[in-house]
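# Sequence and predicted model, in that order:
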Amino acid sequence: MIQTRPGSDRGHANHGWLDTYHSFSFDTYRDPHFMGFRDLRVINEDRVAAGAGFPTHPHRDMEILTYVLEGALQHKDSMGTGSIIRPGEVQRMSAGTGVTHSEQNASKSEAVHLLQIWILPERKGITPSYEQKRFDRSELQGRLRLVAAGVPTGGAIKIHQDVSLYASALSADQIVKHALTKDRYAWLQVARGKVVLNGHELTAGDGAAISVEPELVIQGQDESEVLLFDLA
């Protein structure tokens, strides 16, 4: 079964410095039908204006992933981490027992476009930690590249939850397949371009909740990029 989530139906807020879309209920946006999916709690698509950003604020008991599509995002946190996240990089911050952080557009002239993802952790009270990894475009092109997982392999980063996150870049007519084993679920998020998932057309911003589908077939319709979450 595939339930599509059109990008046009997402929650939306434009604060001037931040133009943001919410796939699931977030902040003042509430949709009882989209409170999350399995352990996936937040997918926000953010565009942050040049020189702007999120001031220092707290989090706890959440796995927070950042996936930059365009531009560069500067990160600072109470663990002493300072970094810049660029396209091709995946960042994971485990808030655990508590952490404060800020996210700032690293450019004074260009916007930054990113996806911020929150995943519920396997347990509360994890020691806060940070990880960031770059994946060359060639690793994503025409394949599903594992970029983060509860049991990471092949250089993927660690998530403290039974989730496997794959990224893929597809040209027109390129196809990738993923076997969804019994009692597993999936969420597909189209970051850019247009794809067909098991006969369902999806464009940038669209998502799809997937269950009881033994195989997922994702075909690019133009230059596209997708994230696939395999969930317990």
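Yep, it's here.
# Going along the chain, name the helices of this protein.
Taking DSSP state H, the helices of the chain run over residues 137-140.
# middle-most residue in it, spatially?
Central residue of the chain (CA atoms, centre = their mean): I117, 4.4 Å from the mean position.
# show me what contacts the closest residue to that one other than its chain neighbours?
Using CB to CB, 6 or more residues apart in numbering and skipping residues adjacent in sequence, the residue nearest I117 is L65, 4.2 Å away. In short, each C-beta sits where N, CA and C put it, glycine included. Applying CB atoms under 8 Å, 6 or more residues apart in numbering, one finds that L65 lies in contact with V90, Q91, R92, Q116, I117, W118, I119, A148, I159, L165.
# Top of those residues by number of neighbours, please.
L165 (29 neighbours; other CB atoms under 10 Å).
# Just the pLDDT for that residue.
Per-residue pLDDT puts L165 at 98.
# still on that earlier bit, in a markdown table, list the contacts of L65 along with distance to G51.
Listed next are those as a markdown table, based on distance: CB to CB, whole Å:
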| residue | distance to G51 |
| --- | --- |
| V90 | 25 |
| Q91 | 21 |
| R92 | 26 |
| Q116 | 19 |
| I117 | 24 |
| W118 | 25 |
| I119 | 30 |
| A148 | 29 |
| I159 | 31 |
| L165 | 30 |
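# circling back: would you check how far apart the residue nearest to the centre of the chain and T20 are?
Applying CB to CB, to the nearest Å, the value for I117 to T20 is 13 Å.
# what residues are shared contacts of these two?
Shared contacts of I117 and T20, counting by CB under 8 Å, 6+ apart, come down to N44.
# Spit out the contact partners of the nearest residue to G154 once chain neighbours are set aside.
Among residues not flanking G154 along the chain, L146 sits closest, at 5.9 Å (CB to CB, 6+ apart). Residues near L146 by CB under 8 Å, 6+ apart: P152, T153, G154, A156, S164, L165, Y166.
# separation between the fourth one and V163?
Distance, A156 to V163, by CB to CB: 11 Å.
# hmm, who's touching stretch 97-114?
Contacts of stretch 97-114 (CB under 8 Å, 6+ apart): 45-61, 66-79, 84-85, 93, 125-128.
# With just CA atoms, put it into PDB.
Listed next in PDB are the C-alpha coordinates belonging to stretch 97-114 (Å, rounded to 0.1, in the frame of the first residue of the first chain):
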ATOM      1  CA  THR A  97      20.000  14.200  27.500                       C
ATOM      2  CA  GLY A  98      20.100  17.700  26.100                       C
ATOM      3  CA  VAL A  99      22.000  20.000  23.700                       C
ATOM      4  CA  THR A 100      21.700  23.500  22.400                       C
ATOM      5  CA  HIS A 101      22.700  24.500  18.900                       C
ATOM      6  CA  SER A 102      22.400  27.100  16.200                       C
ATOM      7  CA  GLU A 103      22.100  26.800  12.400                       C
ATOM      8  CA  GLN A 104      23.200  29.800  10.200                       C
ATOM      9  CA  ASN A 105      23.300  30.300   6.500                       C
ATOM     10  CA  ALA A 106      27.100  30.300   5.800                       C
ATOM     11  CA  SER A 107      26.700  32.700   2.900                       C
ATOM     12  CA  LYS A 108      26.000  36.400   3.000                       C
ATOM     13  CA  SER A 109      24.700  36.500  -0.600                       C
ATOM     14  CA  GLU A 110      22.900  33.200  -1.400                       C
ATOM     15  CA  ALA A 111      20.100  31.200   0.200                       C
ATOM     16  CA  VAL A 112      20.600  27.700   1.600                       C
ATOM     17  CA  HIS A 113      18.100  24.900   0.800                       C
ATOM     18  CA  LEU A 114      18.000  21.900   3.100                       C
END
